[in-house]
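# Any chance you can model this:
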Amino acid sequence: MHFLFSGEGASDCGTCTFDDRVCEGKEFLAGPMVNLACQIVEAEAGYSPLGSLCCALVKRAALNAEVADLKGQKKRLRLSGHRSPKETLYFERSARAMARWAKRWEEEKHDEVVAILFHDVDTNNSSGRGEWNAKWDAMLLGFRHESFSRGVPMIPKPTSEAWILCALKSNPYERCQALEERSGSPKAKSPLKLELKALLGEKPTREMLCRLVEEGRIDSGKIDMPSFNAFRDRLKEVMRGIGTNGVKGA
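A predicted model of the protein is given here:
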């Protein structure tokens, strides 16, 4: 089993050391969201995908190029009677693009691939649960459009800082759902990014956040937030659907 990620930048799913469309191994510098996902996999299957070198990253530019190709098609594939609202269409197309990359990676690796697609739900204003649900459903729909059953949306509400703050705040893991009601906008009265920076005493870097996960200060098993629970449950569901027998690198 291989795991293919795509995110918005180095501080969530990581980056590549070379200008490749997909990178793995030493060329893949994983971000904290990848580390959290691998924590869940290790608890479920008993091995670390990062340690087993079965993780890769699709760069955002490569994913967006695939999205642009989908937009250019004269006739999009649709489920019967389905029409996607504009506000969720990008999430749907991104999942379709991710599914296409995952299928290519399966051919490359001759192995089943779990595709984990990260996207903050909201960077401008606080959004309701209904909007989060719509974007989550749009990603699942996009995966289904491409007949890909191993797609996993990773959509923090409102941003990944909420998940991290849940573990690092003064009362760790307690009443974290309130963080989901905060605005993800940097112009908000109390921006989550600035709160995390103040808590850490310095600007959080990819390396620092990954270290906090690796040291267990951020524990995926203790985070109890609707958006995180949905991700964790979906990842476990997909893995159990594949099974853990004969996992490469396990």
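# so where do the strands sit in this protein?
2-6, 14-16, 22-24, 28-30, 55-58, 113-118, 151-154 (DSSP state E).
# could you dump those to CSV with mean pLDDT and mean neighbour count?
C-beta: built from backbone N, CA, C; applies to glycine. Formatted as CSV, the strands of the chain follow (pLDDT from 0 to 100; neighbours: other Cβ atoms under 10 Å):
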stretch, mean pLDDT, mean neighbour count
strand 2-6, 98, 26
strand 14-16, 96, 21
strand 22-24, 96, 19
strand 28-30, 97, 20
strand 55-58, 97, 26
strand 113-118, 98, 26
strand 151-154, 98, 27
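# any chance of those strands in TSV, with distance to residue 162 too?
TSV is the format used below for the strands of the chain (distance: least, Cβ to Cβ, whole Å):
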stretch	distance to residue 162
strand 2-6	19
strand 14-16	19
strand 22-24	28
strand 28-30	20
strand 55-58	23
strand 113-118	13
strand 151-154	13
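# Out of those, which is closest to residue 207?
Residue 207 lies closest, by Cβ to Cβ, to one member of the strands of the chain: strand 28-30, at 8.6 Å.
# Sheet partners, orientation included, of the closest one?
strand 14-16 (antiparallel) (DSSP bridges).
# who's in contact with the strand it pairs with?
5, 7, 9, 23, 27-31, 34, 57, 59, 206 (Cβ atoms under 8 Å, 6 or more residues apart in numbering).
# Now for those residues: which two are most distant?
9 and 27 (16.8 Å).
# can you give me the helices for the protein?
32-45, 60-72, 86-109, 129-145, 160-168, 192-200, 206-214, 226-242 (DSSP state H).
# Now do the first one and strand 2-6, the angle between them.
It stands for helix 32-45. Helix 32-45 and strand 2-6 are oriented at 150 degrees to each other (axes from the mean of the first three to the mean of the last three Cα atoms, to 10 degrees).
# Which parts of helix 32-45 count as buried, going by neighbours?
Of the residues in helix 32-45, 32-42, 45 count as buried by neighbour count, 16 or more other Cβ atoms under 10 Å.
# What of the longest one?
Applying a neighbour-count criterion of 16+ other Cβ under 10 Å, the buried positions in helix 86-109 are 88-106, 109.
# what does it contact?
Contact partners of helix 86-109, identified using Cβ under 8 Å, 6+ apart, comprise 2, 4, 6, 22, 56, 58, 62-64, 66-67, 69-71, 84, 112-113, 115, 117, 119, 131, 134-135, 137-143, 145-146, 148, 150-151, 153.
# pLDDT of it, averaged?
Mean pLDDT, computed over helix 86-109, is 93.
# How far away from the center of its chain is that helix?
On the basis of Cα atoms, centre = their mean, to the nearest Å, helix 86-109 sits 13 Å off its chain's mean C-alpha point.
# Please apply the same query to the last one.
Mean C-alpha position of helix 226-242 versus that of the full chain (Cα atoms, centre = their mean) differs by 11 Å.
# where does the protein have low pLDDT?
74-84, 122-129, 243-250 (pLDDT under 70).
# Now for the residue nearest the centre of the chain: which residues touch it?
The residue lying closest to the centre of the chain (Cα atoms, centre = their mean) is residue 118, at 2.8 Å. Contact analysis of residue 118 by Cβ under 8 Å, 6+ apart lists 5-8, 12-13, 33, 154-155, 160.
# which of the residues in stretch 167-187 are buried?
Here stretch 167-187 shows 167-169, 176, 179-180, 182-185 as buried, counting by 16+ other Cβ under 10 Å.
# if we can go back for a sec, can you tell me which of the contacts of residue 118 is closest to residue 220?
residue 33 (10.3 Å).
# Nearest residue to that closest one in space, please, no chain neighbours.
Closest residue to residue 33 apart from its sequence neighbours, by Cβ to Cβ, 6 or more residues apart in numbering: residue 12 at 4.6 Å.
# I am finished for the moment; much appreciated.
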